[in-house]
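[1] Just the structure for this:
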Amino acid sequence: MSDQIDLSEFVGGFVVEAAELIATANAALLEIETANASETRHPRAVRELFRALHTIKGLAGMIGVDPIVELAHELETVVRNADRSGGRLPRNSVDVALQAMHVIGEQVRAVADRRAVPAVPERLLVAIAGVDAAPVANEPPKITSEWDTKLSASEREQVATAIARGGHAWTLAFAPDHAKAARGITIGTVRGRLAELGDVVKVAPRTTELGIAFDILVVSEAMPDALAAAVMTTADRVVAIASEPFAEPTPDAAEAEPGRASESMPLGRSVVRVELARLDDLQEQLSLLIVSRFRLDREIARHAERGHDVRGLRDVAAVQGRQLRDLRRAILRARTVRVAEALEPLSLLVRSAARASQKQARLEIDARETEIDKGVADRLLPALVHLVRNAVDHAIEPAEDRVTRAKPTVGTIRITCTEIAGNLLELEVSDDGRGIDRAAIAKRANQTIADDAALLAVLASPGFSTRDVATRTSGRGLGMDIVRRIVDNELGGELSVETVEGNGTTFRLRVPVTIAIVDVFTFLCGGQAFVVPVSAVEEIFELSREREVVPPFPERRAGERRVAADRRAGERGTAERRMTERRGSDAPAVSLLEHRGRALPLVALGAVLDLDGGAGAKSALVIRRAGEPIAFAIDKMVGRQEVVVRPISDPLVRVPGIAGATDLGDGRPTLVLDLVELGLGIAAIASPGGAR
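    Next up is the predicted model:
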């Protein structure tokens, strides 16, 4: 037997763990930088940074990656000194630390790619050696004699700062025993419960006559009863502690260290890291089960048509349907990540882009507890990168210009995320910059821009750019084109923009939580079955003979309609022109009808797809394109169900308006329609001002 250990099997775990620790360290450094800007300290962030570096060093040492060990150790020394000096890391130290974390990230990627890990740049080691934690002007306040000798300077600083802000610091004890352990109550679970109620500053073990006990110091706004319940004790054993007088921090200090206890993962929770490929395999098996369920329903229907008693089978199928929905939700939860976590890289992007453009900008993220499929998040992030980079480079003004406009010198870029109807997420990327000059864009594009929808169509056209020369943060076109392609085509969502010149711009993105298994409406059109995502449909109504349906502006020639479609649709105009040519001018595919007191464009879907003229249409599906409603006339609604969407990769088959294909259990592919894509240009044809 060989005594050597093959460490290659630990590389995957190291890469995942190191990536999370690097993200934690970067987030802590940005919080420290914010505290420095407000002339305050952030001792907790300094300790989080120290723990992350110490863990990275230990993990790298386990698999023998010496360059990472060397760099993490040198940086750890600086952070340790900052921790001992009360939790203040000078501005120059933050800059150097961010550079070092970037190098560590590159080294970890080299490990993941099985490449030689580059050595630490000598200039970076010199820079780290040239900085150190600044000595504190005043010794952190003393706490109590019981705790003072157990706490570091930064821990005392954290307690004193919390008390000065009107908070509370509590001390309580936990004594483990066999009865508690049998119920799953350990120091780990207790610490996790307390972490949900506040910040656990210190856990200090001590020996007693009965064994080991733990003294816990926690900063929390919770009442003693809640803290006592977390530790399985009584409220009278939860004792408040105080510190010596401490200078009141500035108002900005309260923003420098927001409470994040509820956002952090409580200790004691069981976690298993699983590769996304394994979850993809699991979802693939679920997809096959869903298709099998469709086939079962068809077989039951056939037996019912032959007069067989299928009530028992239908009961079993109904139970299986509920179980499949529960299984789908469970798999989706396993694949989801917190949106706030997925957006963390954008904070560093804003910092670097602002420095490159010599501006002052900050990023605010309000994602609450919303979650998104990991696959969707990975596709969405590049779009958000473009929007955020453009906001810094184009929207946020230089500090001197903002002062003349009575704005704060630091520009704000804000990302908010809310969940809609359980299967959609709406993200808003807004800024308080100069807004978009519609007249300037119209002049550069050499066309009239009447509203924000037309503005977005121009900005997202291929190759369009407001710059003649590429900069470090912006190129020449492609940016908004990529954003729209990701949101509309890849994710089946919708992108819109609102801008007020001088006050700022908001880009609104609506995307599905997941795109592999979706809820759809099934319908018939021209004798064929199609499906459309439920999230894309705003309304379904029956077409009646009493509704007045008229062709829009029949005096226009087909050529005028083609010009309008090309102008509004940009690069998609060619495909739509072909559809218009196939339709001809005798029986237009677009009509107008009165619905809810307004004129609604009605599109004969059968004519658009070149199946029939739409004469047999009895129902209509209403969608919105750039905020405007458009109705598609169909033959018959079949029902609502869950389907597995398969992408169409063959370039000869991929056309605008076809989002993918699915199997409804009959063995034949059924097309998944993107009605929003098909609606592009329809509004231009039907609008009175579209072709003028």
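
[2] Show me what secondary structure element comes after the helix or strand bottoming out on mean pLDDT in the chain.
    Least confident helix or strand, the chain: helix 251-256 with a mean of 36, by mean pLDDT, DSSP states H and E. Later in the chain than helix 251-256, the nearest helix or strand by DSSP states H and E is helix 276-305.

[3] May I see the buried residues of the helix or strand that that next one is followed by?
    Of the helices and strands lying after helix 276-305 in sequence (DSSP H and E), the nearest is helix 311-335. Judged by neighbour count (16 or more other Cβ atoms under 10 Å), helix 311-335 contains these buried residues: Leu313, Gly321, Leu324, Arg328, Ile331, Leu332, Arg335. (Glycine included, C-beta is placed from N, CA and C.)

[4] Residues contacting helix 311-335, please?
    Here helix 311-335 makes contact (Cβ atoms under 8 Å, 6 or more residues apart in numbering) with 274, 276, 279, 282-283, 286, 289-290, 293, 296-297, 300, 303, 371, 373-375, 513-514, 517, 642.

[5] Buried subset of the residues you listed, written for ChimeraX?
    In ChimeraX, a selection of the buried entries from those looks like this (16+ other Cβ under 10 Å):
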select :279,282,283,286,290,293,296,297,300,371,373,374,375,513,514,517,642
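
[6] rewinding a little: need the buried residues of helix 311-335 in TSV (columns: pLDDT and distance to Ala28).
    Shown next, in TSV, are those (pLDDT from 0 to 100; distance: Cβ to Cβ, whole Å):
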residue	pLDDT	distance to Ala28
Leu313	89	59
Gly321	83	47
Leu324	83	43
Arg328	79	37
Ile331	80	33
Leu332	77	31
Arg335	80	28
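
[7] and which of those is nearest to Arg47?
    Each of the buried residues of helix 311-335 was checked against Arg47 using Cβ to Cβ; the closest is Arg335, at 32.4 Å.

[8] residue ranges for the strands of the stretch 101-250 of the chain, please.
    Assigned by DSSP state E, counting those that start in this stretch, the strands in the stretch 101-250 of the chain fall at 169-174, 198-208, 211-220, 239-241.

[9] okay, those strands in a markdown table with mean neighbour count and distance to His386 next?
    Compiled in a markdown table, the strands of the stretch 101-250 of the chain are given as follows (neighbours: other Cβ atoms under 10 Å; distance: least, Cβ to Cβ, whole Å):
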| stretch | mean neighbour count | distance to His386 |
| --- | --- | --- |
| strand 169-174 | 21 | 45 |
| strand 198-208 | 16 | 36 |
| strand 211-220 | 19 | 40 |
| strand 239-241 | 13 | 50 |
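
[10] Which one of the ones you listed lies nearest to Phe530?
    strand 198-208 (54.2 Å).

[11] ok, residues contacting that closest one?
    Here strand 198-208 has contacts from 44, 147, 150-151, 155, 158-159, 162, 169, 175, 187, 191, 194, 212-222, 259, 261, using Cβ under 8 Å, 6+ apart.

[12] for the strands of the stretch 101-250 of the chain, which one sits closest to Leu491?
    strand 198-208 (37.6 Å).

[13] Now the closest one - C-alpha only, CSV.
    Coordinates of the C-alpha atoms in strand 198-208 are reproduced here as CSV (Å, rounded to 0.1, in the frame of the first residue of the first chain):
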residue,chain,number,x,y,z
GLY,A,198,-28.0,39.4,15.6
ASP,A,199,-24.2,39.4,15.3
VAL,A,200,-22.3,36.8,17.4
VAL,A,201,-19.2,38.6,18.5
LYS,A,202,-17.5,35.9,20.5
VAL,A,203,-18.0,32.4,21.8
ALA,A,204,-15.6,31.6,24.7
PRO,A,205,-15.5,28.0,26.1
ARG,A,206,-14.9,27.5,29.8
THR,A,207,-14.7,24.5,32.1
THR,A,208,-17.3,23.9,34.9
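
[14] tell me the angle of it relative to strand 169-174?
    Strand 198-208 and strand 169-174 are oriented at 40 degrees to each other (axes from the mean of the first three to the mean of the last three Cα atoms, to 10 degrees).

[15] Go ahead and measure how far strand 198-208 is from the middle of the chain.
    Between the centre of strand 198-208 and the centre of its chain there are 36 Å (Cα atoms, centre = their mean, to the nearest Å).

[16] Relative to that strand, what are the paired strands and their orientations?
    strand 211-220 (antiparallel) (DSSP bridges).

[17] which residues are in contact with the strand or helix carrying Ala440?
    Using DSSP H and E, Ala440 maps to helix 438-445. Residues from elsewhere that reach helix 438-445, judged by Cβ under 8 Å, 6+ apart: Thr448, Ile449, Leu455, Val458, Leu459, Ser461, Phe464, Thr466, Thr499, Glu501.

[18] so of those residues, which ones are in helices?
    Leu455, Val458, Leu459 (DSSP state H).
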